[in-house]
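Chemist: Dropping a prediction and its sequence here:
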Amino acid sequence: MNIMDKIFVGLNEKQVEAVKAIEGPVLVISGPGSGKTRCLTHRVAYLISQGVPAENILAVTFTNKAAGEIKERVAKLLGTRGKDKAARTPLVGTFHSICLKILRQEIERLGYSRGFTILDADDQQALVKKISAEMEIDTKRFDTRGILSKISKLKTELTWPEQYHPTDFYPKLVGRVYAAYQKMLQAMNAVDFDDLIGLTVKLFREHPEVLKKYQQRFQYILVDEYQDTSHNQYQLVTTLAREHQNLFCIGDDAQSIYMFREADIRNILNFRHDYPESRIVLLEQNYRSTKNIIAAAQAVIANNKNQIPKELWTANDTGDKVVLKETVNERDEGLWIANMLESLLRQRYQLHDIAILYRTHAQSRAIEESLIASGFPYQIIGGIKFYDRKEIKDILAYARFLVNPKDVVAFERIINTPPRGLGASTSDKILGRAGTDLSISLAEHAAKAQGRQASALKEFTSLVSRFQELLKTKSPSTLFRTIMKEISYEAYLERQAGAEREQAETRIENVQELLTVAKRFDHLGPAGTAALLEEIALLQDMDRVKTGDKKVTLMTMHASKGLEFPIVFIVGMEEGLFPHSRSVLSPHELEEERRLCYVAITRAKERLYISFAKFRRIFGSASATMPSRFVGELPQNLIDIQLSEFGGESEIIDYA
DNA sequence: CTGTCGTTTATTTTT
DNA sequence: TAAACGACAG
């Protein structure tokens, strides 16, 4: 089969239209399961087959996993492999990873140096807390998270501290913290997530010659999940596409679920207006789900006012009805799931065919307990992330400090971990002016230290300088192993956990796991450590989803976007939980919850199970609940209701 | 400086 | 419920 046939075989008319419309702006509205990824990959392959050099193509995805998939599938379509593959693979990545690549090349023009570090949410928090303390801001009244989220909002709007001139008290306070925070970041030679995008936009605005270079390079731009782009990302993409106007955006307004993270649905709604010449393609045929599932999803989303009109349909079988199960409480819900799994496994299904979706991570616990009790293996996506664990962050903080000795946050973390008698007052003395090399400052203070601190300081200094030597000469896993040994980290963990032996054990296992990860970077030699830190910084949870393992998958509905499973359970369908109580007051947020429900329902290919409990324990105490309003929006004729067998008060008592 | 203890307090989704 | 914080004694 020649390449052309391969590219178009199995595509429907609309998909072909979307793939072939190479020149000029194109917007594709793609319903769930309508072959979005196919469309994207086939288009990239088509571009290349038409003679567009791969390096002139840029594809932006939502997750690293999606990026990998696209690269792989394009290569497969074109039949390229080995050396040829590298040459013919376009740049595909998330906004963050693409911007990181650009900034690593160009950031010196903005007054940072190229080895900058990336701060995660915890680091940001630590930094803002520190600044608040210095400014004598009462963090009880003005909590760090609130300030930080306001700063993040300003950053996504591309408002830099010097452009922000509020008049009210609180915004003024935020402005002061923001200015100090940003100054601090620069002094530390660090950027946060928002900066990755924001600084790239700034770079393009202030350096037209750089912009020109990238405009020339990226003549064809594709953006996935366009409904979830934020203002800064919108600016980035439209700026890059300004020259050639070959902008291809694909998404679905009905699946926009990241408003809370500053996603701006107007980006997709205004595309027509932004590009009057644009072509718009609707992908409405669903290849994933049964007719009943699609009808249920449609019925729910129909209650939203704001949406682009479209009619999803499928040629698939009618399938089973949606099972709606009432349970007594969340424990009963867990038991029911376990029973259902047992019965599903007796049919033609396997554990990896099954996903359990919930609104909040906290809900996973009851389900886990039941799965453990009945011996079903499972994997959880999200929750407490591996790299967010204390023990992992401790070790990584050592590495981070070695790579960037201006990293105040890492320094403050390691100076007294494990405790070595160097507390807050000692560390404050060493910090001094922002932007200093703290390893040098440390050595100076150690040299002239007197009394109790002197020996501890000297010891720490020599430790650091030995580690610095190792960073330059050894591979990451050797460096990490030496660090752990020299600071007696495992002994520290055991001491910390005290009586809870199990906790110490899992922590030690986690640290060992980190060593395994580090080994993957050993082939890069001493440079591997920095590379490892970088990968971890940009790693998303979704990237850890494994599909082959024989395990049930548990995750939030948010995390399920873009995935599909033959069997889907949606649990905790109760008013206040889903829709979440914090969103019921605002019509906009309520619509977002409904879109989330739509996303969750449309993950299912063959069977959908929805459950709600009459009583649920929330924040420690049990209370009576009402079924979610979304349950009421399901058409009666599509559902098979199973009421709980028990009524009355007895289970409340049994429960508490 | 360290560790403990009681108190408080917050509980959505996350690149 | 549990994590996180602050006060206080050692």
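Modeler: Looks like it came in fine.

Chemist: is stretch A:254-272 anywhere near DNA strand B?
Modeler: Yes: Stretch A:254-272 lies within reach of DNA strand B by C-beta under 7 Å from any atom of the strand, at A:257, A:260, A:261. In short, each C-beta sits where N, CA and C put it, glycine included.

Chemist: what residues does the longest strand anywhere in chain A touch?
Modeler: Ranked by number of residues, the top strand in chain A under DSSP state E is strand A:604-613. The contact list for strand A:604-613, computed with C-beta atoms under 8 Å, 6 or more residues apart in numbering, reads A:288-290, A:293, A:296, A:319-320, A:322-330, A:332-333, A:336-337, A:340, A:564-574, A:601, A:625, A:627-628, A:631, A:634.

Chemist: now stretch A:549-559
Modeler: So stretch A:549-559 is in contact with A:257-258, A:341, A:350-352, A:354-361, A:364, A:367-368, A:371, A:376-382, A:541-542, A:545, A:565, A:570, A:596-597, A:599-600, going by C-beta under 8 Å, 6+ apart.

Chemist: in it, what's buried?
Modeler: Buried residues in stretch A:549-559, defined by neighbour count with 16 or more other C-beta atoms under 10 Å: A:551, A:552, A:553, A:554, A:555, A:556, A:557, A:558, A:559.

Chemist: start to end distance for that stretch?
Modeler: This stretch, stretch A:549-559, spans 18 Å end to end (C-alpha to C-alpha, to the nearest Å).

Chemist: quick revisit: which is the next helix or strand following the longest strand of chain A?
Modeler: Using DSSP states H and E, the helix or strand that follows strand A:604-613 in sequence is strand A:615-618.

Chemist: so how far is whichever helix or strand comes after that following strand from its chain's centroid?
Modeler: Heading C-terminal from strand A:615-618, the first helix or strand you meet, by DSSP H and E, is strand A:621-624. Distance of strand A:621-624 from the chain centroid (C-alpha atoms, centre = their mean, to the nearest Å) equals 32 Å.

Chemist: which other helices and strands contact strand A:621-624?
Modeler: Judged by 3 or more C-beta pairs under 8 Å, 6 or more residues apart in numbering; DSSP states H and E, the packing partners of strand A:621-624 are strand A:615-618.

Chemist: try 10 Å
Modeler: Under the contact criterion of 3 or more C-beta pairs under 10 Å, 6 or more residues apart in numbering; DSSP states H and E, strand A:621-624 touches strand A:615-618, helix A:650-655.

Chemist: Which residue does the stretch 151-300 of chain A have closest to DNA strand B?
Modeler: Nearest residue of the stretch 151-300 of chain A to DNA strand B: residue A:260, at 3.5 Å (C-beta to the nearest atom of the strand).

Chemist: Over to chain A?
Modeler: Proximity of chain A to DNA strand B (C-beta to the nearest atom of the strand) peaks at residue A:423, 2.1 Å away.

Chemist: Report the separation between the nearest residue to residue A:508 once chain neighbours are set aside and residue A:507.
Modeler: Excluding the flanking residues, the one nearest residue A:508 by C-beta to C-beta, 6 or more residues apart in numbering is residue A:490, at 5.5 Å. Going from residue A:490 to residue A:507 by C-beta to C-beta, to the nearest Å gives 9 Å.

Chemist: swap in residue A:125?
Modeler: Distance, residue A:125 to residue A:507, by C-beta to C-beta: 22 Å.

Chemist: Neighbour count for the two, which is higher?
Modeler: Between residue A:125 and residue A:507, counted using other C-beta atoms under 10 Å, residue A:507 has the larger neighbour count: 22 against 16.

Chemist: wait, is the more buried one part of a helix?
Modeler: Yes: under DSSP: H, G, I helix; E, B strand; the rest coil, residue A:507 falls within a helix.

Chemist: residue contacts, it?
Modeler: Contacts of residue A:507 were listed using C-beta atoms under 10 Å, 6 or more residues apart in numbering, and they are A:389, A:390, A:391, A:392, A:394, A:489, A:490, A:492, A:493, A:494, A:496, A:497.

Chemist: and those, which are buried?
Modeler: By neighbour count, with 16+ other C-beta under 10 Å, those hold A:389, A:391, A:392, A:394, A:489, A:490, A:492, A:493, A:494, A:497 as buried.

Chemist: Which ones among the residues you listed lie within helices?
Modeler: Cross-referencing the buried ones among the contacts of residue A:507 against helices under DSSP state H gives A:391, A:392, A:394, A:489, A:490, A:492, A:493, A:494, A:497.

Chemist: In contact with the fifth one, which residues?
Modeler: When the contact criterion is C-beta under 10 Å, 6+ apart, the partners of residue A:490 are A:391, A:484, A:504, A:507, A:508, A:511, A:512.

Chemist: Which pair in those residues has the greatest spatial separation?
Modeler: Across the contacts of residue A:490, the longest distance by C-beta to C-beta is 14.1 Å; it joins A:484 and A:504.

Chemist: right, and the helix or strand after the longest helix belonging to chain A?
Modeler: As assigned by DSSP H, the longest helix anywhere in chain A is helix A:452-473. The C-terminal neighbour of helix A:452-473 among helices and strands, as given by DSSP H and E, is helix A:476-486.

Chemist: I'd say residue A:143 and residue A:173 touch.
Modeler: No: the pair formed by residue A:143 and residue A:173 falls short of the contact definition of C-beta atoms under 10 Å, at 12.0 Å.

Chemist: returning to what we had before: distance of the residue of the stretch 151-300 of chain A closest to DNA strand B relative to residue A:300?
Modeler: For residue A:260, the distance to residue A:300 (C-beta to C-beta) stands at 20 Å.

Chemist: And residue A:309, by the same measure?
Modeler: Using C-beta to C-beta, one gets 16 Å for the distance from residue A:309 to residue A:300.

Chemist: for residue A:583, same thing?
Modeler: In this view, residue A:583 and residue A:300 are 15 Å apart by C-beta to C-beta.

Chemist: Comparing those two, which shows the higher neighbour count?
Modeler: The neighbour count for residue A:583 versus residue A:300, taken as other C-beta under 10 Å, is higher for residue A:300 (23 against 19).

Chemist: Local confidence estimate at that one?
Modeler: The score at residue A:300 is 95. That number is its pLDDT.
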